[in-house]
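Q: I'll drop the sequence and a predicted model, then ask my questions.
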Amino acid sequence: PHAIHLRDYAPPAWLIDTVDLHVDLREEAAIIRSTLAVRRNPASGPASGNAAAALELDGQELELLAVRVDNRLLGPDDYTLTPERLTLAGLADHATVEITTRTRPQDNTALEGLYKSSGNYCTQCEAEGFRKITYFLDRPDVMARYTTTIEAERARYPVLLSNGNLTASGDSATEAGRHWARWEDPWPKPCYLFALVAGTLVHIEDRFTTRSGRDVALRIYVEPGNEAKCGHAMESLKKSMKWDEDVYGLEYDLDIFNIVAVSDFNMGAMENKSLNVFNTKYILAQPDTATDTDFLGIETVVAHEYFHNWTGNRVTCRDWFQLSLKEGLTVFRDQEFSADMNSAPVKRIQDVQRLRQVQFNEDAGPTAHSVRPESYIEISNFYTPTVYEKGAEVLRMYRTLLGHAGYRKGIDLYFARHDGQAVTTDDFLAAMVEANGQKPTDPLWAQFQRWYSQAGTPVVSGEGRHDAAAGTYTLTLRQTVPATPGQPDKLPQVIPVALGLVGPDGKDVPLTLAGEGHAGDTTRIIPLTEAEQSYTFTGVPQAPVPSLLRGFSAPVRLDFKQDDAALTFLMAHDSDAFNRWEAGQTLATRLILADVDARAKGAETAVPRAYIDATAQTLARAGEDRAFAALALALPTEGYLGQQRATVDVDGIHAARLALRRTLARELNGAFRKAYDGNRTDGAFTITPDAMGRRALKNAALAYLMALDDAPARALCLAQYQGATTMTDAIAALALIADSAMDERAACLADFADRWKHEALVMDKWFAVQALSDRPDTLDRVRGLMDHPSFSIRNPNKVYALVGSFAANPSKFHAADGSGYAFLADTVLTLDKLNPQVASRMVKPLARWRPYDSGRQEHAKAALERIVGTTGLSRDVHEIASKSLV
Ligand code: HT7
Ligand code: ZN
């Protein structure tokens, strides 16, 4: 397979103005007739040889039935057909091309293009799925107006949907029992935003009036029986529409917005113009079937897809290297929306946890790539945490550097300039800085550009020095950007460091840089641009404790010299909630890693009294913000702890982390029990931040108590499981029971499965708790569960729940005998024949084998070599597995 490079981008030789699709859905096959109005692209000009350029259309797994040009039926000698291309040469400058193809959606297990889910037809075209529906210029810089006519049997497929407005419908004039519907989308769009749905679906309906008075019909379509589970998604949609008007000044642009939820979907959802298609996981929720995390996930994903209507659809990407243009920006938008709807500090902590857990890992491994990658073999492999989450951090840094008002000016100019266009991250940067009277060539912004082009997580180190006599505090910061595959040498980046100095009284010191006339704010943004820089603050009579990177102002690793006492002080006093949490995490990380080292030598460390007291303080003050307290009580994950070490001591980290949990559970047993009892929420279910905070805190306390796995904790946990009225409480208890050696374990798991066997999304949770279990026989059980009647390897949610969760269980997946790796390789090879995109996602946990001991390295390499050595491997899996071995 050959790589595609950003540097080779050339504008398309042809453009497509209109597309008229006729989709005839039959049980044996779908017949698609596509009529394209094409013309040579004046912008690609004769200089590029365009005067004679043939029309080269992409197509995959299609059976070509007929081609007509300007109504003339072509013979096989009039075109060239290869497995991936239909080429028409000698066309006039404008032509009407009509192509008829046949596909078999019922055999499409890859869930890309046109496929069937639970008997209903649906599509997934991003990134390159449209070419599996018809021959086309399948690239985002070709934008056309679509008319879509769908024809199908009325009884089986009463609902026929596509993009835009329904303009006509009726019964088939020639065949009894068949009907049709025509949809017209007035907005030009790239083909990746095309969608079609046909099936037996029911819907709930609501309305939203935009600020300019447009009355929009909102519909959510689901399989019959699920309509009562759509209320939260609908509320989330209306909140998103309002928020985008209020915060970004962006209004919806059609009279209808449809969402369809399907149970077989490779990702979370898809922002097709006015016809979003969702994984059921991000639509369906009721208190007894969905956790608080699910409710929050729905709110975020519904918002994300809605926000794409402007950031992605109205202004789209020129090419797939620019993916972060829409994804980074839209993730940033959904993060801020969720922060505004809930608790901003809690949301920021959760977003940073995810960034560190998955993106930092990617940035440090063999598949590291920049936010704007330079090359790819399979674009589906680049829907990554780097493009999404690190991309969102880049947007946040624009806002940090330009201020909220400056950021908004940049956004306004971006849309004023580029509405209706397919553009690049350079265009975005230019709009941002020019709206603020600056230039992309200014040194700061030329350097900022490296956030798009350099991979790797920068490391910021440094120290501070207080001069009591002069009343100054001098901070020295250094940055390095690590080498990553293909990028051995890095240049310094622009790192906005949000800084505060906390005085001995616990109050922030107003910050005045030497040379400034007057005192400034208590949090200041210092743009670190050099490899090393020093800053001297005046008017600091007493030694302060520095609080760096407040709000996690840049996606970097911070290695600042600070003793345990300073961290304990920040835990209690920092005005920045993120850094209060961060100080506690840093302390816990130090303690656990010291114990890991001691255990490697056959010893153990004692937990300092100060740390236990600080945790007791967190518990005592938990009522101030319970959700925050729950996060502050959670110890750093094994994955995060492993990232802090050159060689991951899998078992040592697992044991040391558990030991700290047990010590805290023993020392603070009464306080945990009090937190548990004080936060029972037996009243009516609500998803207010307060109610969610209570559940989070109560379940955090229960988890500590269960770390001891003693009789009182077991009884409490069992009672919670049996009496739970919310899925949040039920699954929290079941997860702890699944870790425990208690006698009731098997009965509880069986009870849960029996109760929920008809709820696919709830069964996913049941698979996940068992795959994440700490019990020694977890892998055997996971293997067994693959034969469970509720499991299907064809359903991505099931694969993520069982196999994905197992791969996220550090001590089981990284078992020293390599059994976890071998199991994953077996699964990947089975999956690859069915669904390469999901298979490729499952390879990733194997990719990061380098930081493990030599025994594990050999096992992981053997698993990867077995994958790479398999004939007939998909491009998707081959790219990730082979890059992982380099
Ligand atoms: N923009 C959507 C991407 C997506 C996707 C990509 C590859 C394969 C399947 C997919 N399903 C959806 C999702 C989003 O970021 O909003
Ligand atoms: Zn997106």
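A: On my side now, so go ahead. Ligands and ions are numbered 1, 2, ... in the order given.

Q: Run a quick neighbour tally on whichever residue of the stretch 501-650 of the chain sits closest to ligand 1.
A: Using Cβ to the nearest ligand atom, the closest approach of the stretch 501-650 of the chain to ligand 1 is made by Pro555 at 18.9 Å. The C-beta positions use only the backbone N, C-alpha and C, and glycine is treated the same way. Neighbour count for Pro555, taken as other Cβ atoms under 10 Å: 26.

Q: For it, which residues are in contact?
A: Applying Cβ atoms under 8 Å, 6 or more residues apart in numbering, one finds that Pro555 lies in contact with Leu355, Gln359, Lys390, Glu393, Thr457, Pro458.

Q: Show only the entries of these found in helices.
A: If you go by DSSP state H, the contacts of Pro555 have Glu393 in helices.

Q: Give the bridge partners for the residue nearest to Ser172 when sequence neighbours are not counted, please.
A: In space, and not counting its chain neighbours, Ser172 is closest to Arg178: 3.8 Å by Cβ to Cβ, 6 or more residues apart in numbering. With DSSP bridges as the criterion, Arg178 is bridged to Glu153.

Q: now Arg178: how far from Ala634?
A: 56 Å (Cβ to Cβ, to the nearest Å).

Q: Now do the SS call for the residue of the stretch 501-650 of the chain closest to ligand 1.
A: Assigned by DSSP: H, G, I helix; E, B strand; the rest coil, the conformation of Pro555 is coil.

Q: how about the strand or helix carrying Leu749: buried residues?
A: For Leu749, the host element (DSSP states H and E) is helix 745-756. For helix 745-756, the neighbour count (16 or more other Cβ atoms under 10 Å) marks Arg745, Cys748, Leu749, Phe752, Ala753, Trp756 as buried.

Q: again with stretch 641-648
A: Leu641, Gly642, Gln643, Gln644, Val648.

Q: For it, list the C-alpha coordinates in CSV.
A: Output of stretch 641-648 as CSV, limited to C-alpha atoms (Å, rounded to 0.1, in the frame of the first residue of the first chain):
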residue,chain,number,x,y,z
LEU,A,641,1.7,6.0,36.2
GLY,A,642,3.4,3.8,33.6
GLN,A,643,3.9,6.9,31.3
GLN,A,644,6.1,8.4,34.0
ARG,A,645,8.7,5.6,33.7
ALA,A,646,11.1,4.6,30.9
THR,A,647,10.3,1.0,31.7
VAL,A,648,6.8,0.2,32.9
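
Q: Which strands or helices does the next helix or strand after the helix holding Leu749 pack on?
A: Next in sequence after helix 745-756, counting helices and strands by DSSP H and E, comes helix 760-771. Here helix 760-771 touches helix 727-739, helix 745-756, helix 778-785, helix 796-799, helix 805-807, going by 3 or more Cβ pairs under 8 Å, 6 or more residues apart in numbering; DSSP states H and E.

Q: Quick check: the residue in the stretch 651-800 of the chain positioned nearest to ligand 1 vs Asp264, distance?
A: Distances between the stretch 651-800 of the chain and ligand 1 by Cβ to the nearest ligand atom are smallest at Pro796, namely 9.5 Å. According to Cβ to Cβ, Pro796 and Asp264 sit 7 Å apart.
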